[in-house]
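Coordinates only, no sequence provided:
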């Protein structure tokens, strides 16, 4: 969603307000790749999640790299170990270019419009 300029600007403003008020921000659906649409539902989520460990690492590391933001776990028990592995490997927030490349490679679609 932060690839969308309007959403990104609102997100930045929200983070500023939360920082001023000393309030943490939780993320939901961090592993979202796209709505299922007509694709077969494989994991037990109502959205199509990232499943590749490299991609999961990027999105988890992006969340962990944002001050005052915390990560909610994923609903699928088969994906949870991959999320926890990504958390264990966290060293830095991915660059904007890395995230743009992921968005293009994975053909991300917004879950919420």
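Now that the structure is in, tell me what you want to look at. Quantities reported herein were computed from a predicted structural model and do not represent experimental measurements.

ok, and what's touching the helix or strand containing residue 88?
Mapping residue 88 onto the secondary structure by DSSP states H and E places it in helix 80-89. With contact meaning C-beta atoms under 8 Å, 6 or more residues apart in numbering, helix 80-89 is reached by 31, 51, 53, 56-57, 60-61, 64, 71, 73-74. The C-beta positions use only the backbone N, C-alpha and C, and glycine is treated the same way.

helix or strand for residue 98, which one?
Here residue 98 is assigned to helix 96-106, by DSSP H and E.

which residues touch that helix?
Here helix 96-106 has contacts from 2-3, 33, 50, 55, 58-59, 62, 94, 108, using C-beta under 8 Å, 6+ apart.

Which of these fall in helices?
Counted as lying in helices by DSSP state H, out of the contacts of helix 96-106, are 55, 58-59, 62.

Can you tell me the centre-most residue of this protein?
The centroid of the chain falls nearest to residue 30 when counting by C-alpha atoms, centre = their mean (2.7 Å).
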